[in-house]
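> 3D model of this:
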Amino acid sequence: MKSNRVYAYLRASTTEQDASRAKEALQEFASDHGYTIAAEFIENESGASLKRPELFNLLKVAQPGDVLLVEQVDRLSRLNADDWQALRQTISSKGIRVVALDLPTSHILLNTGDEFTGRMFEALNSMMLDMLAAIARKDYTDRRRRQAEGIKKAKEQGTYKGRPIDTKLHGQIIALREAGKSYSQIQELTGAARTTISKVINCSKA
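All right, here's what the predicted structure looks like:
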């Protein structure tokens, strides 16, 4: 069963990371399988949160049989079990197929020859997708734990300095706001999260 459209989803956790970094790899992968990416949805939000506007914009636009293409499963989810199941249910109820470059079983979903083969690989891919999502969550919680331990140790030793401020980004946000740009326009121009924009603007007024 050939899908209708392929939508690329690109995510990074912070504004310091380039969410569009994997764009070329996704375009090349789609082309190699005879597809053109219909649209790209890019955002800087945590994979551990369901508050991801661009992901849900993609899911709103996508139709049954369409493909949600990601570089890695952890770009789609670092969610806890309950949130992951909620997201999976949304994807499944719309009949959207998840294809990830790091999940070979999902590649076959792009070109399945018959219904039986398609259903078999969908079942296998679903199991593998759940497993990689669980691994991504464990990696996230392990890194958070190690980070907290490191901060605690640094504070005890009096060497903790906190995260450095991105003065260039903050300057851009303030300048754009002073030029009359809206939060949405600033977000589009800088790639900064709305929470970051709000925090910078409010601090500049203090």
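
> the helix or strand bottoming out on mean pLDDT in the chain - contacts with which helices or strands?
Least confident element among the helices and strands of the chain, by mean pLDDT, DSSP states H and E: helix 115-157 (a mean of 78). Judged by 3 or more CB pairs under 8 Å, 6 or more residues apart in numbering; DSSP states H and E, the packing partners of helix 115-157 are helix 73-76, helix 81-93, strand 97-100, helix 104-107. Heads up, the C-betas are built off the backbone N, CA and C, glycines and all.

> swap in 7 Å and give it another go.
Here helix 115-157 touches helix 73-76, helix 104-107, going by 3 or more CB pairs under 7 Å, 6 or more residues apart in numbering; DSSP states H and E.

> from the contact counts, what lies against the first one?
Which is helix 73-76. Counting contacts by 3+ CB pairs under 7 Å, 6+ apart, helix 73-76 is packed against strand 6-12, helix 115-157.

> swap the cut-off to 6 Å and go again
For helix 73-76, the packing partners by 3 or more CB pairs under 6 Å, 6 or more residues apart in numbering; DSSP states H and E come out as helix 115-157.

> repeat for the last one
Using 3+ CB pairs under 6 Å, 6+ apart as the contact criterion, the secondary-structure elements in contact with helix 104-107 are helix 115-157.

> give me that answer again for 10 Å
Judged by 3 or more CB pairs under 10 Å, 6 or more residues apart in numbering; DSSP states H and E, the packing partners of helix 104-107 are strand 67-70, strand 97-100, helix 115-157.
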